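Asks: Need a 3D model of the sequence below.
(one chain, ligands or ions: 2)
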Amino acid sequence: MQDIQTILDKETLEFNDIVILLKTEGEEQKMLFKKAQDIQLNYVGKKVFYRGLVEFSNVCSKNCLYCGIRKDNKDVERYNLEDEHVIEAAKFAHENNYASMVLQAGERSDEHFIERVDLLLKRIKKETNGELGITISLGEQSEETYKKWFESGAHRYLLRIESSNKVLYNQIHPNNDEHDFESRLSCLKNLKKVGYQTGTGVMVGLPWQTFEDLARDILFMKDFDIDMCGMGPYIEHQDTPLYEHRNVLWPIKTRFSVTLNMIAILRIVMKDINIAAATALQAIDPMGREKALRIGANVIMPNITPTLHRKDYQLYENKPCTDEGAEDCGNCLSMRIELADREVGLGEWGDSKHFANRNK
Ligand code: SAM
Ligand code: SF4
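Replies: Residues are numbered from 1 along each chain as shown. Ligands and ions are numbered 1, 2, ... in the order given. Below is the predicted model:
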């Protein structure tokens, strides 16, 4: 096997190199992290940008086999925040200098929903003097809808590919037109075409997923030339169909460690993109997100959803901070970021440098 340092010194990482790096532990993993850290500091610096996250509804028309708020889970109490509460949260983000927010929800593509999001975007822009940057994460929509929302003020979009291996994608989704791999790919292409800073990502440690799959995920993101990435460990939820396959899962600590390796490798491969430290990391390790910030991640999404409904947005078990108010969340985070030897980029949108560079 090749020496890890020899691999890390290469100009370009090939598939086999990535597989080897993904498997690193102990001292070898530290070498990987050191390299990713150097690249992070050189290309995106010490700054970490906030995106105040509002999970405004858990109503979903889809049935992804891994997700706790899938349509067929009847044990979920469904909610839809009042528009006023969404606007309040946006104002909170603005007043606290978060500079950006993320609007996320279950997926819906009915006319009512499309119009509602459109109005929310326009209102948020108006009430914050156009100063609050908006990322949305509302799943698969038509190109027309993506355009409409873009024109109303959203300028970044997160749509995870979940896995770039079509066979695995089909294993973790129902087999029907609503959950079609090709449609997801074409949505990602449309997002770029419309002009969004486009983000994608995968879950790490899914049942049947291999190191080779994950290496291909990294190369998929590189080939697709994404601007942002959000990826986190897969965490099982007992009220989902995938739960019955929990016996084939990697131990939770392995999923955590391999997620950090994914983040570090992606930072090495795509030097100037934005990478989010996913909340799911913190569900496994109380310092999970801070660890990610030290080895490549530069975006964090403090949850600013009104506390009352946080417990109902349970995608997976042990989701953290479901009982803390937005202010507690913010204070706790800035402390954590300083502990990770990073600085909060308050008041700055912190757009993807990669997006700016590829549109020069
Ligand atoms: N409905 C939109 C969508 O699917 O893009 C946005 C919300 S969805 C809950 C956001 C992300 O949560 C998904 O892309 C998926 O990767 C992640 N997720 C869902 N269930 C999960 C689980 N059990 N463990 C880890 N992440 C999960
Ligand atoms: Fe709905 Fe998104 Fe969960 Fe799929 S991952 S069931 S689209 S909320």
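
Asks: Can you find the helix or strand of the protein with the lowest average pLDDT?
Replies: Scoring the helices and strands of the chain by mean pLDDT, DSSP states H and E places helix 326-339 at the bottom, with a mean of 74.

Asks: those helices in the stretch 151-300 of the chain, which residues are they?
Replies: Applying DSSP state H, counting those that start in this stretch to the stretch 151-300 of the chain gives helices spanning 166-171, 181-194, 211-224, 252-269, 279-284, 288-294.

Asks: Return the residues of the stretch 101-250 of the chain in contact with ligand 2.
Replies: Gly106, Glu107, Gly139 (Cβ under 6 Å from any ligand atom). Just so you know, the C-beta spots here come from the backbone N, C-alpha and C atoms, and that holds for glycine as well.

Asks: Which ones, among these, also lie beside ligand 1?
Replies: Okay, of those touching ligand 1 (Cβ under 6 Å from any ligand atom), that's Gly106, Glu107, Gly139.

Asks: excluding its backbone neighbours, what's nearest the second one?
Replies: By that I understand Glu107. What sits nearest to Glu107 in space, not counting adjacent residues and going by Cβ to Cβ, 6 or more residues apart in numbering, is Gly139, at 3.2 Å.

Asks: The one you found against Arg160, yeah?
Replies: No: using Cβ atoms under 8 Å, Gly139 makes no contact with Arg160, being 9.6 Å away.

Asks: quick one: which of the two has more around it?
Replies: More crowded of Gly139 and Arg160, by other Cβ atoms under 10 Å: Gly139, with 21 against 18.

Asks: helix, strand or coil for the more buried one?
Replies: coil (DSSP: H, G, I helix; E, B strand; the rest coil).

Asks: So which bits of the stretch 51-200 of the chain are right by ligand 1?
Replies: Counting by Cβ under 6 Å from any ligand atom, the stretch 51-200 of the chain sits next to ligand 1 at Tyr66, Cys67, Gln104, Gly106, Glu107, Ser137, Gly139, Leu159, Arg160, Glu162.

Asks: Just put these in JSON lines and tack on distance to Leu32.
Replies: Below are those laid out as JSON lines (distance: Cβ to Cβ, whole Å):
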{"residue": "Tyr66", "distance to Leu32": "27"}
{"residue": "Cys67", "distance to Leu32": "30"}
{"residue": "Gln104", "distance to Leu32": "30"}
{"residue": "Gly106", "distance to Leu32": "36"}
{"residue": "Glu107", "distance to Leu32": "35"}
{"residue": "Ser137", "distance to Leu32": "29"}
{"residue": "Gly139", "distance to Leu32": "33"}
{"residue": "Leu159", "distance to Leu32": "28"}
{"residue": "Arg160", "distance to Leu32": "23"}
{"residue": "Glu162", "distance to Leu32": "24"}
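
Asks: which one of those is nearest Ser334?
Replies: Gln104 (22.0 Å; Cβ to Cβ).

Asks: hey, what's the closest one bridged with?
Replies: Assessed by DSSP bridges, Gln104 has beta-bridge partners Glu55, Ser137.

Asks: surely it meets Phe56?
Replies: Yes: contact criterion Cβ under 8 Å: Gln104 and Phe56 qualify, at 7.4 Å.

Asks: Pick out whichever of those two has more residues nearby.
Replies: Neighbour comparison, Gln104 and Phe56: the larger count goes to Phe56, with 26 against 19 (by other Cβ under 10 Å).

Asks: quick one on the thing from earlier: any idea which of the ones next to ligand 1 among the residues of the stretch 101-250 of the chain next to ligand 2 is closest to Glu28?
Replies: Distances from Glu28 to these, taken by Cβ to Cβ, are shortest for Gly139, at 37.7 Å.

Asks: now that closest one: how far from Ser61?
Replies: Separation of Gly139 from Ser61 (Cβ to Cβ, to the nearest Å): 9 Å.

Asks: again, but for Leu333
Replies: 32 Å.

Asks: tell me, what's touching Gly139 and Ser61 both at once?
Replies: Gly106, Glu107, Ser109 (Cβ atoms under 8 Å, 6 or more residues apart in numbering).

Asks: for the last one, helix, strand, or coil?
Replies: The three-state label for Ser109, taken from three-state DSSP, comes out as coil.

Asks: tally of neighbours for it?
Replies: Neighbours of Ser109 using other Cβ under 10 Å come to 15.

Asks: what number of residues lie near the nearest residue to Asp177 once chain neighbours are set aside?
Replies: Distance criterion Cβ to Cβ, 6+ apart; nearest residue to Asp177, sequence neighbours excluded, is Ser183 at 7.6 Å. Neighbours of Ser183 under the rule other Cβ under 10 Å: 12.

Asks: cool, the one 5 residues further on as well?
Replies: Residues lying near Leu188 (other Cβ under 10 Å) number 21.

Asks: repeat for Thr6
Replies: Thr6: 9 neighbours (other Cβ under 10 Å).

Asks: And for stretch 340-351, what's in contact with it?
Replies: 46-50, 97-100, 133, 156, 197, 274, 290-291, 293-294, 298-299, 333-334, 337.

Asks: for stretch 319-332, how far is the first residue from the last?
Replies: From its first residue to its last, stretch 319-332 covers 16 Å (Cα to Cα, to the nearest Å).

Asks: what's the answer for stretch 126-143, then?
Replies: So stretch 126-143: terminal residues 24 Å apart, Cα to Cα.

Asks: Of the residues of the stretch 101-250 of the chain next to ligand 2, which is the nearest to Arg78?
Replies: Gly106 (8.7 Å).
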